[in-house]
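S.K.: sequence isn't available, so here's the structure alone:
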């Protein structure tokens, strides 16, 4: 009986282990099939080292002493970055055999976790490529050099020049020899086969072959320029020669084809010559290195895919607008190294139009008012992106805050690099122009170009995609002359958006599942175009745009209307006004509940952090509304946030207790003084008087 039970238990354990092994195998196979995708680069097919804020610090900033890093700072949603990604992949593939000397990396600045390194190196347009010298260089970070071209041959040439300039002593010699006699000055040169490449000044073949053959023992490859060897009868360039210890030499190959094929031919000839000479060589050229890519958290993207309720893509969604607001304020603006001068004015104009025309929830609108007040009361004319972030955090309160969420609804693409933020910003821009149009009805209209000029300023100084910004600035040069009314403002932006859609239709950045079309399509606005004509009826288009982008036409998800709050362990119920009564009755899905709780948790954490901070850390760039007699603003270190004062980190209760203790302490001291000093001096006097009377 005991033996039978033991046997049954063993069988059960074997079956459990078999099931567990099968699950692990399935997961491994799934990983092998799908691979990891980090931004625009994949671990399975690319040789680009993907970085995040942590690995950027540990691998690039604190790099190995003899390693050069070439890093692309990009935005995964930027169309120009998508265009450039194949070039960067090809560059990494062509230089993969130099991985022990040079690493091609990339970091996605569109990820909030990567703001710090992107801000540190003042990345304001994408893609931006920078070259980092080896760690052993003195003042290394001051020698970080940008690459200002996107042509692959030019990039390769720039990198080779950079490697030549900053090559450590442990690297092979990448500089051209000045004279022939220098060949015999090196140690152990007579014990090696010596090859020399003669080339013109702009040629890259020599250095590439030197790097390709650097880890092959028994040989040395050197280079000389055409100007130094014409007197020796060398007339063909590039050409490969073999030199012997007796100073004789023979020609092995002459470059005839493209630089890449000539490079391969020279390497092949060197290897064949080594083989023919029966020289024992040991190749230690490293194989393709497996890069441990840091997988950026894609939880939000996977979570969104699981939602059963698909948003209406032909409808403006408040979730997109708030996500665009969050990303522009806490990512694109915060990534700036400094904000001053023209950039600061552009920021003030952008916040001003948001304060006036953003049709968000009350808490978000009040938050924008606080941001506008903060900028209006600036004491300094410049501040850093980090200070901007700290002060945004300082403005977060229960009744006015910016939700910490980036999740796309109507602007969601079929893949994370499609649509998303650019789509939501276009939507936001349209909403602002329609908002300005609506406010101008029935009252004295303001400047009809206000919104468009603020958008232009934002695109110029903050928008991450450099190519997109350039096109928008060129297109918007006509705003001043063409826009004379709020009606024209709405229609101008609509025309411009359709121009962009037309230009990008069929482009690599276009979402294959949601192609760019002329808006509005016929199924959304049948009356905007006549049946027998392809010409727009702009009067009907205007009517459609005003209804589509108006506050009443914006869909507000249930998660943005009603959710439960907790404050200091006390449960408080709060609800927002609904623009869609049918959404009130919809039960919140798990994502919406999770996001609502997360927003409020973040607000509570910020408030708790402010209570603990000292006034020196809290002040930042804030100013009070008090002014000097001359009208200039004066700094008030006691600015209140709710019921928390920034005076040495003390609350009102703390200050009240201090006053009470002060009064009590004073009373005790007075009593002690009366008891020990005054009373003691009074008694001796009475004794003296009694003695005098007795005498």
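M.R.: Structure's in. What do you need? These numbers were taken from a predicted model, which means no experiment stands behind them.
S.K.: do a quick rundown of the helices in the stretch 451-600 of the chain.
M.R.: In the stretch 451-600 of the chain, the segments counted as helices under DSSP state H, counting those that start in this stretch are 466-475, 479-482, 486-504, 538-548, 581-584, 590-612.
S.K.: quick one: residue 169 and residue 139, what's the gap?
M.R.: According to CB to CB, to the nearest Å, residue 169 and residue 139 sit 18 Å apart. All C-beta spots, glycine's among them, are computed from the backbone N, C-alpha and C.
S.K.: partners of the residue lying closest to residue 147 once chain neighbours are set aside in the sheet?
M.R.: Leaving aside its sequence neighbours, residue 147 sits nearest to residue 129 (CB to CB, 6 or more residues apart in numbering; 3.9 Å). Counting by DSSP bridges, residue 129 is bridged to residue 72, residue 147.
S.K.: who touches residue 126 in this structure?
M.R.: With contact set as CB atoms under 8 Å, 6 or more residues apart in numbering, residue 126 has these partners: 73-75, 78, 80-81, 109, 464-466.
S.K.: count of residues packed around residue 67?
M.R.: Applying other CB atoms under 10 Å, we find 19 residues neighbouring residue 67.
S.K.: let me see the contact set for the closest residue to it other than its chain neighbours.
M.R.: For residue 67, ignoring the flanking residues on the chain, the nearest one in space by CB to CB, 6+ apart is residue 134 at 6.0 Å. By CB under 8 Å, 6+ apart, the contact set of residue 134 is 63-68, 140, 166, 168.
S.K.: if we use 6 Å, what do you get?
M.R.: By CB atoms under 6 Å, 6 or more residues apart in numbering, residue 134 lies in contact with 66, 68, 168.
S.K.: SS state for it?
M.R.: Three-state call for residue 134 (DSSP: H, G, I helix; E, B strand; the rest coil): coil.
S.K.: least confident of the helices of the stretch 451-600 of the chain, on average?
M.R.: Lowest mean pLDDT of the helices of the stretch 451-600 of the chain: helix 581-584, a mean of 38.
S.K.: before we move on, back to that, from the contacts of residue 134, pick the one nearest residue 275.
M.R.: Nearest to residue 275, judged by CB to CB, of the contacts of residue 134 is residue 66 at 30.2 Å.
S.K.: and the gap between the closest one and residue 138?
M.R.: Taking CB to CB, one finds residue 66 at 15 Å from residue 138.
S.K.: do residue 126 as well
M.R.: Residue 126 is 31 Å from residue 138, by CB to CB.
S.K.: what's the answer for residue 265, then?
M.R.: 40 Å.
S.K.: for those two, indicate the residue with more neighbours.
M.R.: Counting neighbours by other CB under 10 Å for residue 265 and for residue 138 shows that residue 265 has the greater number, 19 against 7.
S.K.: now that one. Nearest residue, chain neighbours left out?
M.R.: Per CB to CB, 6+ apart, closest to residue 265 is residue 253, 5.7 Å.
S.K.: then residue 476?
M.R.: residue 456 (4.8 Å).
S.K.: walk me through the domains of the chain.
M.R.: Following automatic domain parsing, one gets these domains for the chain: 37-166, 180-276, 299-553, 649-688.
S.K.: just send those back as CSV, with distance to residue 174 too.
M.R.: Output for the domains of the chain, formatted as CSV (distance: least, CB to CB, whole Å):
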stretch, distance to residue 174
domain 37-166, 4
domain 180-276, 5
domain 299-553, 32
domain 649-688, 57
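S.K.: that older thread, count the residues that sit near the residue nearest to residue 265.
M.R.: 19.
S.K.: from the contacts of residue 126, pick the one nearest residue 404.
M.R.: For the contacts of residue 126, the nearest to residue 404 is residue 109 (18.1 Å; CB to CB).
S.K.: what sits against the closest residue to the closest one other than its chain neighbours?
M.R.: Leaving aside its chain neighbours, residue 109 sits nearest to residue 118 (4.0 Å; criterion: CB to CB, 6+ apart). With contacts defined as CB under 6 Å, 6+ apart, residue 118 is in contact with 73, 109, 335.
S.K.: my guess is the second one contacts residue 71, does it?
M.R.: No. Taking CB atoms under 6 Å as the definition, residue 109 is not a contact partner of residue 71, at 11.0 Å.
S.K.: what about the two, which has more around it?
M.R.: residue 109 (28 against 24).
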